[in-house]
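**Q** requesting a structural model of the entry that follows:
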Amino acid sequence: MKIACSLALLASASAFNTPFSFGKSKGAEKLSTPFTVDTIPGALAPFPNVFDPLNLAGKADENTLKRYREAEITHGRVGMLAAVGFLVGEKVEGSSFLFDASIHGPAINHLPQVPVPFWAVLAAAIARLETDRARVGWVPPKECPVDKPGLLRAEYVPGDLGFDPLGLKPKDPESLKIMQTKELQNGRLGMLAAAGFMAQELTDGKGIFEHFASS
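**A** This is a model prediction of the structure:
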């Protein structure tokens, strides 16, 4: 996966964050409706609400539900990048200018071949972006009630960190909800795809394109 997989790790911290915004998200607006399983994006037929067989969302309060959604969006974005990283990393193997084109084999074996200094740079970038994300979405710890650790800002919409360089975010609430649902669905697919790629490569040690060629 080379740099693409590393970017996926970076995205796990940034989650569409931008290093130039601090404090409240530029794109966040105070929620006009309660954040409940009946109102949040991501529900598609045949399920009347979100798919929740263990009733985790149904038992959660608003802040906990928002944290669940924040985690789902973050992991979904990482999953999408990781799935692309598997395919791109293996496709350009041996021909990329990165790391002198010395990284080879199935994508799950790429990261251990990356030089150690790269990990220091990646760790520093993740620390910066995670700090930025916390400032955007979370109430500072010293301002949180003792019984509510990890409290999200009231105006914060999970996943909305104000990063929209192309101005794609709809202004109409209904159109925005549709776009959010599309992102969630693609993110869920990305997580499943990345998990499938890893399981397949761990099983027989072959790259994804090797399986395509032999099928």
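**Q** verify the contact between residue 80 and residue 187 for me.
**A** Yes: in this structure residue 80 lies within contact range of residue 187 using CB atoms under 8 Å: 5.9 Å. To be clear about C-beta, it is placed using only N, CA and C from the backbone, and glycine gets the same treatment.
**Q** what is the mean pLDDT for the lengthiest helix in the chain?
**A** Using DSSP state H, we find that the single longest helix of the chain is helix 173-204. The pLDDT scores in helix 173-204 average 94.
**Q** report the buried residues of the helix or strand following that helix.
**A** Downstream of helix 173-204, the first helix or strand assigned by DSSP states H and E is helix 208-214. Buried residues in helix 208-214, counted by 16 or more other CB atoms under 10 Å: residue 208.
**Q** ok, now stretch 82-101?
**A** Quick answer for stretch 82-101 (16+ other CB under 10 Å): 82-90, 92-93, 96.
**Q** coming back round to it: what's the longest helix of the chain packed up against?
**A** helix 62-91, helix 208-214 (3 or more CB pairs under 8 Å, 6 or more residues apart in numbering; DSSP states H and E).
**Q** got the contact list for the last one?
**A** The contact list for helix 208-214 (CB atoms under 8 Å, 6 or more residues apart in numbering) reads 86-87, 90-91, 106-107, 197, 200-201, 206.
**Q** distance to residue 145 added to those, as TSV?
**A** Below are the contacts of helix 208-214 laid out as TSV (distance: CB to CB, whole Å):
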residue	distance to residue 145
86	43
87	46
90	49
91	51
106	48
107	44
197	42
200	46
201	46
206	52
